[in-house]
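take a look and give me a structure for this.
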Amino acid sequence: MENGKEKITLRSTLKSMDTEETIDLWFYRPIGYVWALLFRRLGISPNAVTIASIFIGIAAGILFYFDNLMYNVAGMLLLIWANSFDSADGQLARMTGKYSRLGRILDGLSGDLWFITIYIALCLRLMNEGWNVSVFALGAIAGYFHAQQASMADYYRNFHLFFVKGKSGSELEDMSQLEQNFKKLTWKKDFMTKLVQFFYIGYTRTQERLTPNMQELRSIIRSKYGDNVPEWLRVQFRAKSLPLMKYTNMLSFNTRVIALFISLFLDEVWLYFVFELTVLNIMLIYMRMRHEKICDDFVKKLTAL
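Numbering: from 1, shown residues only. Reported below is the predicted structural model:
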């Protein structure tokens, strides 16, 4: 205890050891923790940190346009900086208790804006190297699957956290609740909030559409147990889901950025798009199939009780 309050440590700012990726755990989380301590002392909010990360990440993407290794390395360092802020905003929120759905939405938006900039920069760079305008189709397809990969990785991670920490420890959303909140807002008084919620509902709807067995399991758990999931179910589901967490991490940031940096060092940036469309999509398909099978097994088990 420190001054009557729970002592803040690096570990206390993590969501869960189950869902931490090795590079994050040993690199980004310690750096993010130091940033978060500084921002807390300065009175800077988590959302302000997220917004700063957006501008840094966009600057990084612009530097990848240039066929110049010095500029590219500067862009890599900026992207690492942006991601350390992306880590810090969540750690700061856990330190201060300043959680919000807007913060979660901004956090997801930040990565999207980084990579939109990166994809545009890479496509323009390839055009300078003699590719025709159809390279933007390649970039758009890769970007679409990137969004799917990151979205589903985030969803599976939060479903796992629901069993590890319960509803309060997970950011797992529910479409019915989101739609109720959306209807309470008015376009006249809450235009920006309602606009953001509109896109977020579409994001969540896609996640639920791609996980039918998970949704059935969630429905059965709600009807049988409400928010009080029995311990035996928590333990059994965690044991089945834990081996899949490494795929959720690979589909998030670090693996794809390593591939991006390698393609930049080789001056063959098209390789990044190929990696995303092949290796990462194979991971996504496997993860989705395995997770749906796990959920289906638990649906059958709970139905038989």
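
ok, how many other residues are close to M127?
M127: 14 surrounding residues under other CB atoms under 10 Å. C-beta coordinates here come from the backbone N, C-alpha and C atoms, glycine included.

surely it and V135 touch.
Yes. M127 is within contact range of V135, at 6.1 Å (criterion: CB atoms under 8 Å).

so which bits of stretch 234-254 are buried?
For stretch 234-254, burial by neighbour count (16 or more other CB atoms under 10 Å) applies to 236-238, 240-241, 244-245, 247-254.

CA-only coordinates of that stretch, as PDB, when you get a sec.
Written as PDB, here are the backbone C-alpha positions of stretch 234-254 (Å, rounded to 0.1, in the frame of the first residue of the first chain):
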ATOM      1  CA  ARG A 234     -13.900 -19.800 -16.500                       C
ATOM      2  CA  VAL A 235     -11.100 -22.200 -15.900                       C
ATOM      3  CA  GLN A 236     -12.000 -24.600 -18.600                       C
ATOM      4  CA  PHE A 237     -12.600 -21.900 -21.300                       C
ATOM      5  CA  ARG A 238      -9.300 -20.200 -20.400                       C
ATOM      6  CA  ALA A 239      -7.400 -23.400 -20.800                       C
ATOM      7  CA  LYS A 240      -8.800 -23.900 -24.300                       C
ATOM      8  CA  SER A 241      -8.500 -20.300 -25.400                       C
ATOM      9  CA  LEU A 242      -5.000 -19.500 -24.000                       C
ATOM     10  CA  PRO A 243      -3.100 -21.300 -26.800                       C
ATOM     11  CA  LEU A 244      -4.800 -19.100 -29.400                       C
ATOM     12  CA  MET A 245      -3.700 -15.800 -27.700                       C
ATOM     13  CA  LYS A 246      -0.400 -16.000 -29.500                       C
ATOM     14  CA  TYR A 247      -2.300 -15.700 -32.800                       C
ATOM     15  CA  THR A 248      -4.200 -12.700 -31.600                       C
ATOM     16  CA  ASN A 249      -0.900 -11.000 -30.800                       C
ATOM     17  CA  MET A 250       0.700 -11.900 -34.100                       C
ATOM     18  CA  LEU A 251      -2.300 -10.400 -35.900                       C
ATOM     19  CA  SER A 252      -2.100  -7.100 -34.000                       C
ATOM     20  CA  PHE A 253       1.000  -4.900 -34.400                       C
ATOM     21  CA  ASN A 254       4.400  -6.300 -33.800                       C
END
